[in-house]
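> got a structure for you, letters missing:
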Ligand SMILES: [Fe+2]
């Protein structure tokens with residue numbers, strides 16, 4: 001692990017956010033305050049069917065703000081979807097974006113914003129700080145507790161030609177305000193609750209052991225781990241309990257503040273590669289990889305993993321490693337499959353490893369991994 005000091009220079013970027021019951025209803029007021037007259041309301045068909053797009057639309061109408069709905073957004077949003085959203089944004093003469101949904105609509109909305117203001121193809125922004133013109137104002141209303149796209153300075157877009165995910169990291173992608181309301185979370189199906197919750201846990205663990213962690217991000221990472229570990233199983237039992245849902249949303253917020261500033265590691269590098277190639281749910285990919293990456297990384301950041309182990313366990317056996325505690329946790333949530341069971345082919349491992357090796361998240365992994373070592377971690381998850 002790279003030696004670092006708490007005196008190392010670090011910056012901390014976060015958007016303004018409002019959290020609590022009823023935050024969604026503030027969408028119209030904030031859109032109007034940002035000077036929005038015609039909004040592109042970015043969402044997806046599932047969120048629309050659950051009624052949350054309509055609720056945000058009502059709030060916009062009450063505030064005197066017109067809007068056009070764009071819901072051609074899939075899981076793992078595609079570059080073509082971003083570019084067709086940009087066309088709608090321009091043809092409808094929009095001057096602001098409101099995103100309501102999970103990570104996919106929010107990442108797509110971020111992409112539409114920078115593609116419109118820069119008049120460029122979304123794939124040309126790949127990398128860090130490569131957005132010259134700021135995006136139009138963006139209001140985010142998350143309906144899941146996991147992606148943290150509502151607070152992060154990143155967006156993941158799938159390049160469908162090359163079947164890979166690109167990461168765009170820029171302060172231009174930080175929303176102008178996020179409205180964190182627990183109520184939309186109550187309509188999440190069980191599997192989505194689990195997958196997004198495991199994404200939160202992965203964000204928090206990776207940020208805590210990251211080479212770019214700092215005292216500011218550590219506080220948020222540990223609190224996220226504590227909250228998601230206690231609240232997620234309970235929220236699955238009581239999906240309509242707003243207090244439990246809010247705890248998972250707070251966990252996601254803390255994890256987002258941590259990873260947006262400390263970056264991530266091998267779990268995400270490998271999950272991006274899997275998600276791009278197989279179009280699997282991002283959180284599920286993380287859930288299937290997390291314990292195997294912890295086992296591979298442990299020696300490089302043992303003090304930090306031991307601190308996480310104090311929260312997650314396993315509690316019964318003092319000598320059992322954290323990786324076992326994480327495996328037990330995912331199993332209690334019903335995640336019991338392997339990579340093979342979700343359709344990943346063993347002969348794809350070299351290409352997957354190569355893609356993960358090139359992912360920017362790998363830079364902050366506490367252990368420097370070779371392509372072959374990444375391949376072996378995939379093998380363990382089979
Ligand atoms: Fe993630």
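That came through, no problem. What you are looking at is a predicted structure, and each value in this text was computed from that prediction instead of being measured. Numbering: from 1, shown residues only.
> and residue 41, what element?
Counting by DSSP states H and E, the element that carries residue 41 is strand 38-42.
> could you point out the longest helix in this protein?
helix 215-237 (DSSP state H).
> now tell me what touches that one from outside.
Residues from elsewhere that reach helix 215-237, judged by CB atoms under 8 Å, 6 or more residues apart in numbering: 6, 10, 12, 190, 193-194, 197, 200-201, 203-205, 207-208, 210, 213, 241, 244-245, 247-248, 250-255, 257-259, 261-262, 307-308, 311-312, 329, 332-333. Where you see a C-beta, it was placed from the backbone N, CA and C, and this is true even at glycine.
> next secondary structure after it?
As assigned by DSSP H and E, the chain's next helix or strand after helix 215-237 is helix 242-262.
> what comes up buried for stretch 300-320?
300-302, 304-305, 307-309, 311-314 (16 or more other CB atoms under 10 Å).
> what does stretch 240-256 give?
244-256.
> now do stretch 58-73
For stretch 58-73, the neighbour count (16+ other CB under 10 Å) marks 59-60, 63, 65, 67, 69-73 as buried.
> for it, measure first residue to last.
End-to-end distance of stretch 58-73: 21 Å, with CA to CA, to the nearest Å as the criterion.
> quick one: it to chain centroid distance?
Its chain's average C-alpha position is 24 Å from that of stretch 58-73, according to CA atoms, centre = their mean, to the nearest Å.
> can you check stretch 61-75 too?
In terms of CA atoms, centre = their mean, the centre of stretch 61-75 is set 22 Å apart from its chain centre.
> can you list contacts of it?
With CB under 8 Å, 6+ apart as the test, stretch 61-75 has contacts from 28-29, 31-32, 36-45, 47-48, 53, 57, 60, 81, 84-85, 88-89, 92, 94, 98, 101, 104-105, 108, 112, 279, 281.
> 7 Å instead, please
Under the criterion CB atoms under 7 Å, 6 or more residues apart in numbering, residues 28-29, 31-32, 36-45, 48, 53, 57, 60, 81, 84-85, 88, 92, 94, 104-105, 108, 281 lie in contact with stretch 61-75.
> what sits against the residue positioned nearest the centre of the chain?
Nearest residue to the geometric centre of the chain (CA atoms, centre = their mean): residue 147, 2.5 Å. By CB under 7 Å, 6+ apart, the contact set of residue 147 is 102-103, 106, 196, 199.
> any idea how far it lies from residue 66?
28 Å (CB to CB, to the nearest Å).
> what do you get for residue 233?
With CB to CB as the criterion, residue 233 and residue 66 are 43 Å apart.
> pull out the buried residues from stretch 120-130.
120, 122-123, 125-126.
> could you report the pLDDT at the nearest residue to residue 332 once chain neighbours are set aside?
Leaving aside its sequence neighbours, residue 332 sits nearest to residue 233 (CB to CB, 6 or more residues apart in numbering; 6.0 Å). Residue 233 carries a pLDDT score of 98 in this model.
> ok, which stretches of this protein are helices?
Taking DSSP H as the test, the helices found in the chain are 27-33, 45-49, 52-62, 79-91, 103-118, 190-209, 215-237, 242-262, 266-278, 282-297, 302-312, 322-332, 349-357, 371-380.
> what angle do the third one and strand 38-42 make?
In this structure, helix 52-62 runs at an angle of 170 degrees to strand 38-42, with axes from the mean of the first three to the mean of the last three CA atoms, to 10 degrees as the basis.
> and what of the fourth one?
Taking the same axes, to 10 degrees, one finds helix 79-91 and strand 38-42 inclined to each other by 160 degrees.
> who does helix 79-91 touch, helix- and strand-wise?
Using 3 or more CB pairs under 7 Å, 6 or more residues apart in numbering; DSSP states H and E, the elements in contact with helix 79-91 are strand 38-42, strand 66-70, helix 103-118, strand 154-159.
> and residue 307, what does it touch?
No contacts exist for residue 307 under CB under 7 Å, 6+ apart.
> ok, back up a step: what is the most widely separated pair among the buried residues of stretch 58-73?
The two members of the buried residues of stretch 58-73 with the most space between them (CB to CB) are 63 and 72, at 25.3 Å.
> what's the closest of the buried residues of stretch 58-73 to residue 285?
For the buried residues of stretch 58-73, the residue nearest residue 285 by CB to CB is residue 73; the value is 19.0 Å.
> pLDDT score for the residue nearest to the centre of the chain?
Listed pLDDT for residue 147 reads 92.
> now do residue 10
pLDDT, read off for residue 10, is 89.
> that one: neighbour count?
Residue 10 sits with 15 neighbouring residues when counted by other CB atoms under 10 Å.
> then residue 27?
29.
> could you verify my assumption that it touches residue 138?
No: Residue 27 is beyond contact range of residue 138, at 11.7 Å (criterion: CB atoms under 7 Å).
> need the overlap of contacts for those two.
Joint contacts of residue 27 and residue 138 (CB under 7 Å, 6+ apart) do not exist.
> how distant is the longest helix of the chain from the center of its chain?
With CA atoms, centre = their mean as the basis, helix 215-237 stands 15 Å off its chain's centre.
> possible to save the contacts of residue 147 as CSV with distance to residue 268?
Shown next, in CSV, are the contacts of residue 147 (distance: CB to CB, whole Å):
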residue, distance to residue 268
102, 17
103, 12
106, 17
196, 14
199, 9
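> any chance of these in JSON lines, plus distance to residue 17, neighbour count and pLDDT?
Output for the contacts of residue 147, formatted as JSON lines (distance: CB to CB, whole Å; neighbours: other CB atoms under 10 Å; pLDDT from 0 to 100):
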{"residue": "102", "distance to residue 17": "17", "neighbour count": "30", "pLDDT": "96"}
{"residue": "103", "distance to residue 17": "16", "neighbour count": "24", "pLDDT": "96"}
{"residue": "106", "distance to residue 17": "13", "neighbour count": "32", "pLDDT": "98"}
{"residue": "196", "distance to residue 17": "18", "neighbour count": "29", "pLDDT": "97"}
{"residue": "199", "distance to residue 17": "19", "neighbour count": "31", "pLDDT": "97"}
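> which parts of the longest helix of the chain are buried?
Residues 216-218, 220-229, 231-232, 235-236 are the ones in helix 215-237 that count as buried (16+ other CB under 10 Å).
> cheers, nothing more for now.
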